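A.B. asks: how would this look folded up:
(chains A, B, C and D)
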Protein chains: 2
Amino acid sequence: MAHHTVTIKDIAKKLGISKSTVSRALRDHPNVKEETKKAVTALAAALDYHPDPVARGLLNKKTYILGVIVPNLSFPYFSLAVSGMQEIASKAGYQIMICQSNESYETEKAVIRTLTANRVDGLILSISIETREDAHIRELIRKKVPLVLFDRVIGDIPVPSVVMDNTDAAFRMTEHLIEQGYRRIAHIAGPESLLVSKQRVKGYTLALRKYGLPIDPELLIYKGFRIESGKEAAEALLGLPQPPDAIMAVSDSAAAGAIMAIESRGMRVPDDIAVSGFNNEVYTSFVKPPVTTVSLPMYDLGKEAIRLLLRQISHSEEPVSFEPRVLKSSLVIRESTRRKADTQ
Amino acid sequence: MAHHTVTIKDIAKKLGISKSTVSRALRDHPNVKEETKKAVTALAAALDYHPDPVARGLLNKKTYILGVIVPNLSFPYFSLAVSGMQEIASKAGYQIMICQSNESYETEKAVIRTLTANRVDGLILSISIETREDAHIRELIRKKVPLVLFDRVIGDIPVPSVVMDNTDAAFRMTEHLIEQGYRRIAHIAGPESLLVSKQRVKGYTLALRKYGLPIDPELLIYKGFRIESGKEAAEALLGLPQPPDAIMAVSDSAAAGAIMAIESRGMRVPDDIAVSGFNNEVYTSFVKPPVTTVSLPMYDLGKEAIRLLLRQISHSEEPVSFEPRVLKSSLVIRESTRRKADTQ
DNA sequence: CAGGGATATACAACCGGTTTGATACAGGAA
DNA sequence: TTCCTGTATCAAACCGGTTGTATATCCCTG
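C.D. replies: Got it, this is the predicted structure:
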């Protein structure tokens, strides 16, 4: 820095007044003469003065930075949520520091350490697939770090959270398949460790039960969100003595994998077997057949997560609800779950 | 903060020594007795002491935070690059602060302001579609803010940059189409403001020229990266008295849009018209037909951008090259550009 | 005209580290 | 013994703001 940045001291010196008066003038303190205020603000503008957030942060222990930890940014799923967070945060004068856990428990713990070491004002977390313990989260609670869990939350822990209506969405999707005439409905579920997966499984079984359909454990496969998972699970399902007539996949990628497996056997979607996904990723609308899926409000989820966090930060002593905030999703019905032709 | 965080002062008091000795002991200064060092490090570990980066930053004017500005995170295109950046940055002890310009010039300027106000140690920027001026970038150069442009760069400006071999990739793709027997090749280009678009157009025309094919301005449409852009451009192309027999799109989304337009006219890809994309997004492999595209090393691009930035930051006076660092892409040949059937 | 209360400003301490200069006490050379 | 060098430590200043307290001036009231 050849030409050193303008500080409050420079302004004070030029005007022949003290640092404190300059500081008060800039913050519009009542005990400063109108005339002085004008002179200070004018000079500050002329010199392009900006208060140093680092110095300010040292004093009032605020960095105006919020930490965000997501498993992976390269899925629109999470990057959309992050976009929503950024919108609300920047409106409130906060910056966001985003880290990826890459689905690793160790990395998750590591980034939590760096973020807290960097004195972020709060933390937003969506846990990794590997995360099965909550000790690191309880540690944050103990240290009174403002915290919000989102989407991939952990159960039974006193932390505010924002989630999707996973159970309900899966219920509605299963119900939709039943209404379309399908009776032997399989579910390619996500990793068993995630609450999200369990909730979707719950919605699936609830719907089957409501309509008096048998719950066949062979038709429920815990696998994962990726294409390969869908492909492998579908292959297993198609190899059953009594294969399903519909597959509800836990994600659009898994659905895509399932469709690939189905078609490579010379079967067709939805004529031979219906398939549905989850997430409403762009390509679901233009693959053939277009895939029925669930539109999840990830952008709103991100916005709401930041709001909950800011609420904790500002009125730090106000009681915050640990009841998960649930956002509504909506079914997007497309060709891949077309009504089953009567085949008696 | 009920139980205030452990500071260097606490350690000094407990051991009955001065702050400065503690500081030196922790930084392994030679003029500190081995015995003292051991006592200090032991107590620091016991108290779970971590130096406050804010205080440290105030003093040495380093925040160990790098600012990254991308147009949009919800495309794998950029979020992959960001993942690469994070890998290298965190290895070097830096954090990343990511902001989105949302393709708006004003937002881009605004986030640059907040990031520099927050004293980031350096900045990585991929410009928005709207950005046609470079005054804000020259301002950063004037202020000596370490800066690297990536992917969406601006020409003729003394700043290190990392880019893809856009011209070459487009050349190879056009050449591939020509080799497959196509002769009337259209190009749905990106926004005319972006150098990326111009370079791909250049590769396209160079290839046509090399093979002695006419360059028909009707076949070149500047449009955009999105599905809608591809759809609209393709509709215009198909409405020509002499429609093209192949379309090279500037992105996979545009290619998807083009395919939709083609098929809605009852034509087929590649039998009636070939289509290629750019980016190698996941879905290009499983749509029907699978789309020929270009695999871009976005992850490596991000890694390299951080490396260039860190090099500027560390040896700040070493001359840095303003010659763009060019990374190689590779063609992914698929069904959508199958060899043209001879139709004499 | 003394005393009380605004008003306007200056001084100094502080946040949590790092760094400079001073000090104290070794041991070795002159 | 004196001087010098090296070792080990401490006090104080500093980074750039904020804030509590002291000080000075002015106006008003009794």
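A.B. asks: what's the burial count for A:Gly239?
C.D. replies: Neighbour count for A:Gly239, taken as other Cβ atoms under 10 Å in any protein chain shown: 9. Every C-beta, even on glycine, is put in place using the N, C-alpha and C of the backbone.
A.B. asks: What residues does the stretch 101-250 of chain A have near chain B?
C.D. replies: A:111, A:114-115, A:117-119, A:144, A:227 (Cβ under 8 Å from any Cβ of the partner chain).
A.B. asks: what residues does chain A put near DNA strand C?
C.D. replies: A:16-21, A:24, A:30-36, A:55, A:58-59, A:61 (Cβ under 7 Å from any atom of the strand).
A.B. asks: Any of those buried? List them.
C.D. replies: Burial by neighbour count, 16 or more other Cβ atoms under 10 Å in any protein chain shown: within the residues of chain A next to DNA strand C this picks out A:17, A:21, A:24, A:32, A:58.
A.B. asks: Rebuild these as TSV, extending it with pLDDT, distance to B:Asp300 and secondary structure.
C.D. replies: Formatted as TSV, these follow (pLDDT from 0 to 100; distance: Cβ to Cβ, whole Å; DSSP: H, G, I helix; E, B strand; the rest coil):
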residue	pLDDT	distance to B:Asp300	secondary structure
A:Ile17	93	54	coil
A:Thr21	94	53	helix
A:Arg24	93	51	helix
A:Val32	90	55	coil
A:Leu58	90	38	helix
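A.B. asks: can you narrow the residues you listed to ones near chain B?
C.D. replies: A:Leu58.
A.B. asks: could the buried ones among the residues of chain A next to DNA strand C go into a markdown table alongside distance to A:Ile69?
C.D. replies: Formatted as a markdown table, these follow (distance: Cβ to Cβ, whole Å):
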| residue | distance to A:Ile69 |
| --- | --- |
| A:Ile17 | 46 |
| A:Thr21 | 43 |
| A:Arg24 | 39 |
| A:Val32 | 43 |
| A:Leu58 | 25 |
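A.B. asks: ranking the residues of the stretch 101-250 of chain A next to chain B by neighbours, who comes first?
C.D. replies: Counting neighbours by other Cβ under 10 Å, A:Val111 leads these with 25 neighbours.
A.B. asks: where do the helices sit along the stretch 201-344 of chain A?
C.D. replies: Secondary structure of the stretch 201-344 of chain A (DSSP state H, counting those that start in this stretch): helices located at A:227-238, A:252-264, A:298-314.
A.B. asks: Just say which of the ones you listed is most tucked in.
C.D. replies: Each of those was scored by mean neighbour count; the highest is helix A:252-264, a mean of 25, by mean count of other Cβ atoms under 10 Å in any protein chain shown.
A.B. asks: Give me the neighbour count for A:Pro51.
C.D. replies: A count of nearby residues for A:Pro51, using other Cβ under 10 Å, gives 14.
A.B. asks: Spit out the contact partners of the residue lying closest to A:Thr293 once chain neighbours are set aside.
C.D. replies: Nearest residue to A:Thr293 in three dimensions, chain neighbours excluded: A:Gly277, at 4.1 Å (Cβ to Cβ, 6 or more residues apart in numbering or on different chains). Counting by Cβ atoms under 8 Å, 6 or more residues apart in numbering or on different chains, A:Gly277 makes contact with A:249, A:251-256, A:284, A:291-294.
A.B. asks: Any chance of the backbone angles for A:Gly277?
C.D. replies: Dihedral angles phi and psi of A:Gly277 (degrees, to the nearest 10) take the values phi -120, psi -160.
A.B. asks: how far away is it from DNA strand D?
C.D. replies: According to Cβ to the nearest atom of the strand, to the nearest Å, A:Gly277 and DNA strand D sit 51 Å apart.
A.B. asks: ok, the spatially closest residue to A:Asn166 that is not a sequence neighbour - contacts?
C.D. replies: Nearest residue to A:Asn166, sequence neighbours excluded (Cβ to Cβ, 6+ apart): A:Gln199, at 3.8 Å. Listed by Cβ under 8 Å, 6+ apart, the contact partners of A:Gln199 are A:166-167, A:170.
A.B. asks: Next up, identify which helix or strand A:Val120 is on.
C.D. replies: According to DSSP states H and E, A:Val120 maps onto no helix or strand at all.
A.B. asks: Burial check on it, number of neighbours?
C.D. replies: There are 25 residues near A:Val120, going by other Cβ under 10 Å.
A.B. asks: give the contact list for it.
C.D. replies: For A:Val120, the contacting residues are A:63, A:65-67, A:97, by Cβ under 8 Å, 6+ apart.
A.B. asks: Dump those to a markdown table, plus distance to A:Leu206.
C.D. replies: Rendered in a markdown table, the data for the contacts of A:Val120 read as follows (distance: Cβ to Cβ, whole Å):
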| residue | distance to A:Leu206 |
| --- | --- |
| A:Thr63 | 45 |
| A:Ile65 | 42 |
| A:Leu66 | 36 |
| A:Gly67 | 36 |
| A:Met97 | 39 |
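A.B. asks: If any of those are buried, put those into a PyMOL selection.
C.D. replies: Filtering these down to the buried ones (16+ other Cβ under 10 Å) takes a single PyMOL command:
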select buried, chain A and resi 63+65+66+67+97
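A.B. asks: mind listing which of the contacts of A:Val120 are in helices?
C.D. replies: Of the positions in the contacts of A:Val120, not one sits in helices, assigned by DSSP state H.
A.B. asks: still on that earlier bit, which one of the contacts of A:Gln199 sits closest to A:Leu219?
C.D. replies: Nearest to A:Leu219 out of these is A:Ala170 (Cβ to Cβ; 13.9 Å).
A.B. asks: Would you agree the closest one is in contact with A:Lys202?
C.D. replies: Yes: between A:Ala170 and A:Lys202 a contact is recorded at 7.2 Å, counting by Cβ atoms under 8 Å.
A.B. asks: higher neighbour count, these two?
C.D. replies: A:Ala170 (29 against 16).
A.B. asks: And the host helix or strand of the more buried one, what's buried?
C.D. replies: Assigning secondary structure by DSSP H and E places A:Ala170 in helix A:166-179. Of all the residues in helix A:166-179, those buried under the rule 16+ other Cβ under 10 Å are A:166-178.
A.B. asks: before we move on, what about stretch A:330-344?
C.D. replies: Buried residues in stretch A:330-344 (16+ other Cβ under 10 Å): A:331-332, A:334, A:336-338, A:340.
A.B. asks: closest to DNA strand D among these?
C.D. replies: Nearest to DNA strand D among the buried residues of stretch A:330-344 is A:Val332, at 49.4 Å by Cβ to the nearest atom of the strand.
A.B. asks: Not counting residues beside it along the chain, what's closest to A:Gly122?
C.D. replies: A:Pro146 (3.7 Å).
A.B. asks: can you tell me how far the one you found sits from A:Lys62?
C.D. replies: In this view, A:Pro146 and A:Lys62 are 11 Å apart by Cβ to Cβ, to the nearest Å.
A.B. asks: higher neighbour count, the two?
C.D. replies: Neighbours were counted for A:Pro146 and for A:Lys62 using other Cβ under 10 Å; A:Pro146 has more, 22 against 16.
A.B. asks: give the contact list for that one.
C.D. replies: By Cβ under 8 Å, 6+ apart, the neighbours of A:Pro146 are A:121-123, A:309, A:312-313, A:316.
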